[in-house]
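**Q** attaching a predicted model along with its sequence, questions to come.
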Amino acid sequence: MKKSNTIDLKSLWQRAAKAQKPNSKATPCSQVMLSVESTMVEGQGQSNSPIGLEPQLIDAAPNTEDDAIPITENDRQPSTENASTDHEIESPITLPPITEDNESTHESDSESDDGATYDVDLLERDPGLRLLINDYHVNDKNAVRRGYIALGPCQPREHDFPRTKIGTVMRKFSVRWYKDHDWLEYSVADDAVFCFVCFLFKDEECAGGEAFVNRGFRSWNTKDRLKKHVGAIDSAHNKAQEKYNNFVRPRASIGECYSTISSIEKVKYRSRLTFSLQCLRFILGQGLACRGHDESDDSLNGGNFRELLKWLAQNFEEVDKVVLKNAPKNAQMTSPTIQKDLINSCAKETTSLIMQDLGEEFFSILADESSDFYHNEQLALCLRYVDKNGRVIERFLGIVHVENTAAITLRDAIKSLLMKHSLSLSRVRGQGYDGASNMKGHIGGLKKLIMDESPSAYYVHCFAHQLQLTLVAVAKENQACISFFEQLRFLLSIIVISCKKIKMLREAQAQQILEALDLGEFETGIGMNQEMGLGRPCDTRWNSHHKTVMHTVLLYPTIRNVLIMVGDDHSQGTEAVNAQTMLAYFESFEFVFMAHLLLAVFGYTNNLSNALQRKDQNIVNAIDLFYLTKAELADLREDDGWAKFLQQVIAFCVKHEVDVPNMDSCYEPIVRSKRYVKKISYLHRFRVEIFLCVIDRQLQELNDRFDEVNTELLICMAAFNPANLFAAYNEELLLKLAEFYPMDFSSNDIHELTFDLRLYIREMRKNRRFSNIKNLGDLSVTLVKTGKSTMFPYVYKLLKLVLVLPVATASVERVFSAMNYVKNKLRSKMGDQLLNDCLITFIEREFFKQVNDDAVIARFQAMKERVVKLY
């Protein structure tokens, strides 16, 4: 079957914007297929459709199995014979417009081609910025209408609507108008309202209502104009409403009346669709690829999707009756386009559940950018909020391809992604990014651009990222640490670079474990005495330095045995000499001392790093952990700490037969010339120049990097700490904290908060259920369980503002780990929208498992015209 190119909606949009006159010929994209965006009002569970109906479309009867969309000479591409060549064609490809599936469709699409199914995400959501319907070509208007109906009216509810002075009174838009007029849309860019049905179907020849289509209505003092716009039964609005009803009610069409599809065929169609959906559910949950290299009928491996469907057909008779060979040629529900439609429907339903869980709460955003396997720059966005049970939640919202990493580009991408779900930047109460200049810049950084639109969206530099920077600074700025990690790198190059030496290390490690078990030094049990490897420390990989040093200490006798074996094997030439050189430093007291010192220092910071990466971690508890880590390091540098540490090092050396020098004798370097070393004692070298310098450098880096813990905002938040019967409670600081959020606490609210706080602290200290609470997360959950959150509403609102402030961007980093798993070498060319859909269902499996099959099928049916209409 020959492939035909289509123009995606983005190109169509740009062409319509430049066009001066409509063309007389139809464009190849008149059969563009559109996907479905969420049509539910977030937190309300109500439909955004102006008439409260799901869009329903009917298919025309298929022509023949080999029908294809007509193409022009400019759009023509050479035909292909197998699926492997599809990856070489990057242009969007569509199937015949009236055929759901076809035997030849397995050769006409691939996971690298998004096709027009996903172009709905390129439609402009803001009614003040989008093109008018009449600006599109006449053959493309219905495709665009269908896309906007799928998206639904743009109705942001928690946006901070600006006030406008009309006469002598300041007025603004009210969200209650959405309830009275479900066709109403609000433009954040223009601060104006528009009519959704008139935008889609208003006839140019009908007079009236132009303000609700072209310019926008913003006379907030004349609400009656909305009713006047609706007008009488023959008004322009009602005529547009009638056209809308006919468009989304295909059952009223003549074609539906003469439809020959029986109810039995519909039942089989639904069963076939359900079985395909079940296969995709399993594949998406495991993050696997759907497609195969060869998906022909005689292929031995048709890909995960087809092979799983075949397995179901072979093992279950009811499945075999309706799928594959027993299904109609034009409705097998197995083509790549059908798979993508179902995947998109699953992702949209999953995101819809997340939006329902978020409700009308404020939230923080966590964002970071990274390149995927195809070297496309991707921006990942997560939301942090407090759910209805008082728990701190971090959820993945989506991933967006950005052309560059400029702050304004990232800001626009975030706004666009939020607007798709009717979310506004005015609801943002916190930002969490890394410390790059484009993120935290005080003038043109992303932090500044977001705060310009939401002043209460306070920025927190990722604590885990800052902690990693302190470790890197210590490892690279102290001379003893630099020498140690250089020798460690040399050691890893000797052992890890060769498969033969890795095998030697494994065998020596296994022998050591057996000997230790015989001597009773190790205990046995499930998960104990596992094989350990040696990895290179990486500046950007959290905890990698600690892991490398820890494994080096634990595998010390094993590594030494491998170095001895390699050094004794003179046939290895240079490698044997390198092993002998390394062994001299490896068996020295200095190496053992440095390894144990860095293990102790990095061990304390590693515990802090692991705690910071928890999704439910809050800023107050993180600050407490930060101070606790500093206290532990300060205790280590004291005389008692030094004595205990030196005793541990000497005991290790005695156990493994490492010479311990006399601490009062003159220090002799191992790998450096004496000319670069002062004449000092071993005690001065190891205690003053290494031990104290490393710890002091680590403490200094912690103080310098975590300077925001001393900011007034976080000091005020610390007064909420419930530990030790709310010992840190300070009414004055909490009232000052409320003043940081003027959009959430008016002057009257702060006055009410004063009395709320006094009643709150009295209740907390006398109620036994709150006596053992140690952190803010448990306090929030207990307040909701006991009903105290409604008793002290202002206190609970202030507590939620503290909890949503981000601590670390670990959730975003996990997204990139999942991205590398989903978009791997074999799927490097998968489209951005397909990548986003696969990641949502893979990462948010908790909500994906709650998605109902009927909801997915209903959304799938409403995406475009289908051969069989179920609803």
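**A** Perfect, I can see it now.
**Q** please enumerate the helices of the stretch 251-400 of the chain.
**A** 254-257, 263-286, 304-315, 317-320, 336-358 (DSSP state H, counting those that start in this stretch).
**Q** for residue 287, phi and psi?
**A** Comment: the main-chain dihedrals of residue 287 come out as phi 70, psi 30, following degrees, to the nearest 10.
**Q** what count of nearby residues applies to residue 262?
**A** 9 (other Cβ atoms under 10 Å). Glycine gets a C-beta too; all of them are placed from N, C-alpha and C.
**Q** so how far is residue 191 from it?
**A** When distance is defined by Cβ to Cβ, to the nearest Å, residue 262 is 53 Å away from residue 191.
**Q** likewise for residue 159?
**A** Noted for residue 159: a distance of 10 Å to residue 191, by Cβ to Cβ.
**Q** again with residue 290
**A** As for residue 290, its distance to residue 191 is 44 Å (criterion: Cβ to Cβ).
**Q** please apply the same query to residue 582.
**A** Where residue 191 is concerned, residue 582 sits at a distance of 69 Å (Cβ to Cβ).
**Q** gap between residue 484 and residue 461?
**A** Taking Cβ to Cβ as the criterion, residue 484 is separated from residue 461 by 29 Å.
**Q** likewise residue 239?
**A** 56 Å.
**Q** so the two - more neighbours on which side?
**A** Neighbour totals were compared for residue 239 and residue 461, and residue 461 leads with 22 against 18 (other Cβ under 10 Å).
**Q** where does the residue nearest to the more buried one when sequence neighbours are not counted land in three-state SS?
**A** Across the structure, with Cβ to Cβ, 6 or more residues apart in numbering as the measure, the residue nearest residue 461 apart from its sequence neighbours is residue 435 (5.2 Å). Following DSSP: H, G, I helix; E, B strand; the rest coil, the label given to residue 435 is coil.
**Q** I figured residue 435 hits residue 464, correct?
**A** No. Using Cβ atoms under 8 Å, residue 435 makes no contact with residue 464, being 11.5 Å away.
**Q** comparing those two, which residue is more hemmed in?
**A** With other Cβ under 10 Å as the criterion, residue 435 and residue 464 differ in neighbour count, and residue 464 comes out ahead with 23 against 12.
**Q** and that one, helix, strand or coil?
**A** Reduced to three states by three-state DSSP, residue 464 is helix.
**Q** dump the residue contacts of the residue nearest to it when sequence neighbours are not counted.
**A** Of all residues not flanking residue 464 in the chain, residue 808 sits nearest, at 4.1 Å (Cβ to Cβ, 6+ apart). Residue 808 makes contact with 432, 462-465, 612-613, 617 under the criterion Cβ atoms under 8 Å, 6 or more residues apart in numbering.
**Q** if we use 6 Å, what do you get?
**A** By Cβ atoms under 6 Å, 6 or more residues apart in numbering, residue 808 lies in contact with 462-464, 612-613.
**Q** still on that earlier bit, just the helices of the stretch 251-400 of the chain: most buried one?
**A** Mean neighbour counts were compared across these using mean count of other Cβ atoms under 10 Å; the top stretch is helix 336-358, at a mean of 24.
**Q** distance of the residue nearest to residue 289 when sequence neighbours are not counted relative to residue 842?
**A** Closest residue to residue 289 apart from its sequence neighbours, by Cβ to Cβ, 6+ apart: residue 827 at 5.4 Å. Counting by Cβ to Cβ, the separation of residue 827 from residue 842 is 13 Å.
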